[in-house]
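A.B. asks: Predicted model follows, preceded by the sequence.
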Amino acid sequence: MIMEKKETNIIDYLITHARVQPDATAFIILEDGGDVERKILYEELESAVSTLAAQLNEKQLHGKRVLLMYQDIMEFIISFLACQYI
């Protein structure tokens with residue numbers, strides 16, 4: 001009997017969505033007027049998050065506290081998820 005893996009955290013969900021529906025939109029950033037400023041697909045998000053997580057892991061930051069301060073919300077999302085990844 002094959003057991004399906006259950007997602008237990010936000011990174012598991014991200015990885016699953018990146019594999020199952022890579023071209024689906026993960027986040028949409030809107031301008032003040034409500035128009036779409038930019039969006040990121042699950043595949044792009046997972047790639048950016050795993051790349052940054054690898055860089056953070058190389059610096060041996062696992063278990064360390066960090067302060068994330070960004071004006072760019074997309075950079076914040078990627079950084080926050082990368083911290084969850086390691």
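C.D. replies: Here it is on my side, so go on. Predicted, not measured: the structure shown is a model, and the values here were computed from it.

A.B. asks: low pLDDT regions in this structure?
C.D. replies: Within the chain, the stretches with pLDDT under 70 are 1-5.

A.B. asks: so where do the strands sit in it?
C.D. replies: With DSSP state E, the ranges of strands along the chain come out as 25-30, 36-41.

A.B. asks: For the ones you listed, give me TSV that also has distance to residue 63 and mean neighbour count.
C.D. replies: Where C-beta positions appear, they are placed from N, C-alpha and C, glycine not excepted. As requested, the strands of the chain are arranged in TSV below (distance: least, Cβ to Cβ, whole Å; neighbours: other Cβ atoms under 10 Å):
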stretch	distance to residue 63	mean neighbour count
strand 25-30	27	14
strand 36-41	28	14
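
A.B. asks: Just tell me which of those ends up closest to residue 56.
C.D. replies: Comparing those by their distance to residue 56 (Cβ to Cβ), the top pick is strand 36-41, with 19.3 Å.

A.B. asks: Just give me how far that closest one sits from the chain centre.
C.D. replies: Using Cα atoms, centre = their mean, to the nearest Å, we find the averaged C-alpha position of strand 36-41 to lie 14 Å away from the chain's own average C-alpha position.
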